[in-house]
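Undergrad: below are the sequence and a predicted model for it; my questions follow.
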Amino acid sequence: MALSRRWANLVEEVRGVPGFESFRRPLPAAELRDAAAHGPVVAVNVSQRRADALLVSPDDVASLPLNLTAEDVYETVRAYVESVEQHQECLAALENAMIVAQTAPTARHYQAYQKATSALVEAETAMESVLTSTLEWLWETIGLPVAEACGLQAPLPESKVWPRMWWCPTGLLTLLPLHAAGFHREPGRSLMDRAVVSYTPSLRALTESRRWKRSTAPRDMLHVALHTTPGLSDLPHVRRERDLLTALFGTGCTTLEGSMADRASVLRELPRHRCAHFSCHALSNSIRPAEGGLLLSDGLLSIGAIAADHQHREFAFLSACKTALGGLLAPDESMTLSAALHYTGYRHVIATLWSIHDSVAATVVEDVYREMYENGTLRCEHAAVALHRVVRRLRDMSPDNPSHWMPFTHTGP
């Protein structure tokens with residue numbers, strides 16, 4: 001009883017701090033509906049009894065029954081995660097075999113390299129097949145019913161202002177690429193042909209991000225660049241991104257590169273810049289999100305460390321990151337690295353779901369920034385639309401290879 005009273009007193013004390021009046025209280029429905037002021041927010045919930053999409057609009061919250069079960073979701077997630085992880089393991093094995101063959105060019109090491117190459121090709125083929133079937137299943141079970149219920153019609157001309165929508169998934173669905181649901185070889189049969197799609201970790205997060213004051217940081221862009229990380233594959237195209245950002249921002253860009261990109265330097269510079277671009281590897285921790293973070297020259301800079309100096313910033317781009325797919329044992333605790341960065345104060349976050357070839361990442365980076373850059377200014381509010389246009393162009397060039405364009409996501413308003 002004494003502990004209970006102490007707890008209640010502490011909660012009341014927290015609620016007395018400006019900005020924390022709603023601490024541990026559910027927001028009123030009317031305030032939650034404000035999250036849908038610029039487009040529907042769809043929270044998808046799957047239980048052992050039923051599955052529903054909660055369609056949040058400014059005037060209503062409607063329940064849309066879905067024709068899927070918890071078992072269907074589990075099996076889809078299992079196949080999806082296993083195929084991606086198998087590909088990532090084969091990719092790492094090939095990188096290691098290449099290093100060994102270059103260091104000691106013997107016949108045995110060359111044969112091991114050839115074997116690793118063949119294994120990666122097989123893993124890539126299998127992954128593309130699983131990704132395609134996953135996106136088609138998502139479209140039929142969730143994407144199409146939601147699109148029709150929200151009035152999102154098949155494709156609009158590029159010259160039109162496209163509608164927006166936000167996914168707010170729960171449980172195992174946090175691991176699936178809802179943003180890319182569709183039959184991408186058939187025009188108009190995909191979500192990205194009907195709306196600009198983003199994610200939000202919660203309706204509260206989306207509402208509050210729109211209320212954030214514009215960053216007053218004196219400099220525009222911090223670029224954290226590591227083309228070499230001990231124990232991990234090199235990222236040679238990091239230099240392309242460095243040259244691009246330097247050309248765009250000039251003296252407004254601070255670059256921390258190589259050994260200069262250490263934890264102390266990054267923590268010192270983050271508050272001085274309204275935007276940050278991370279060309280490095282990263283790790284996510286689906287069980288303890290605060291322990292995920294960026295792999296810098298002297299080790300891991302955790303999300304918890306970044307959040308310790310919480311302040312509102314405009315934009316973060318996580319390029320060529322190595323994120324861990326996980327969360328099967330504790331799906332309701334799953335939080336992506338992009339969502340964690342969003343919570344720390346970045347209004348807009350562009351990230352990748354898993355490791356991708358850094359040449360693809362560099363191309364996406366170049367095109368996204370050119371879409372966002374307008375009259376000498378980076379228009380951070382254009383992040384979602386810019387990514388949408390770039391990814392659709394990539395998709396149109398290779399609809400049979402979703403791994404080239406599917407991993408890129410936007411979190412924020």
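TA: Great, that's in hand.

Undergrad: quick one, helices of the stretch 201-350 of the chain?
TA: For the stretch 201-350 of the chain, applying DSSP state H, counting those that start in this stretch gives helices covering 203-211, 238-249, 263-269, 303-307, 337-344.

Undergrad: let's have those helices in JSON lines, adding distance to residue 54.
TA: No exception for glycine: its C-beta is placed from N, CA and C like everyone else's. Listed next are the helices of the stretch 201-350 of the chain as JSON lines, based on distance: least, Cβ to Cβ, whole Å:
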{"stretch": "helix 203-211", "distance to residue 54": "10"}
{"stretch": "helix 238-249", "distance to residue 54": "38"}
{"stretch": "helix 263-269", "distance to residue 54": "38"}
{"stretch": "helix 303-307", "distance to residue 54": "28"}
{"stretch": "helix 337-344", "distance to residue 54": "19"}
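
Undergrad: so which of those helices is nearest residue 362?
TA: When those are compared by Cβ to Cβ, helix 238-249 sits nearest residue 362, at 4.4 Å.

Undergrad: can you give me the strands for the stretch 101-250 of the chain?
TA: Under the criterion DSSP state E, counting those that start in this stretch, the stretch 101-250 of the chain contains strands at 164-169, 196-199, 219-225.

Undergrad: can you list contacts of the shortest one?
TA: What that stands for is strand 196-199. 162-169, 178-179, 191, 336, 338-339, 384-385, 388, 409-413 (Cβ atoms under 8 Å, 6 or more residues apart in numbering).

Undergrad: cool, and the first one?
TA: The set of residues external to strand 164-169 that reach it, using Cβ under 8 Å, 6+ apart, is 35, 38-44, 150, 152, 176, 178-179, 191, 195-203, 206, 384.

Undergrad: what subset of these is buried?
TA: The neighbour count (16 or more other Cβ atoms under 10 Å) marks 35, 39-44, 150, 152, 176, 178-179, 191, 195-203, 206, 384 as buried among the contacts of strand 164-169.

Undergrad: that older thread, looking at the strands of the stretch 101-250 of the chain, which is buried most?
TA: strand 196-199 (a mean of 25; mean count of other Cβ atoms under 10 Å).

Undergrad: could you export that strand as CSV, CA atoms only?
TA: Extracted as CSV, the C-alpha positions of strand 196-199 are listed here (Å, rounded to 0.1, in the frame of the first residue of the first chain):
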residue,chain,number,x,y,z
VAL,A,196,2.0,8.6,-50.2
VAL,A,197,2.5,6.1,-47.3
SER,A,198,4.3,6.8,-44.0
TYR,A,199,4.5,5.2,-40.6
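
Undergrad: now that strand: average pLDDT?
TA: Mean pLDDT, strand 196-199: 96.

Undergrad: likewise for stretch 110-117?
TA: What stretch 110-117 shows for mean pLDDT is 91.
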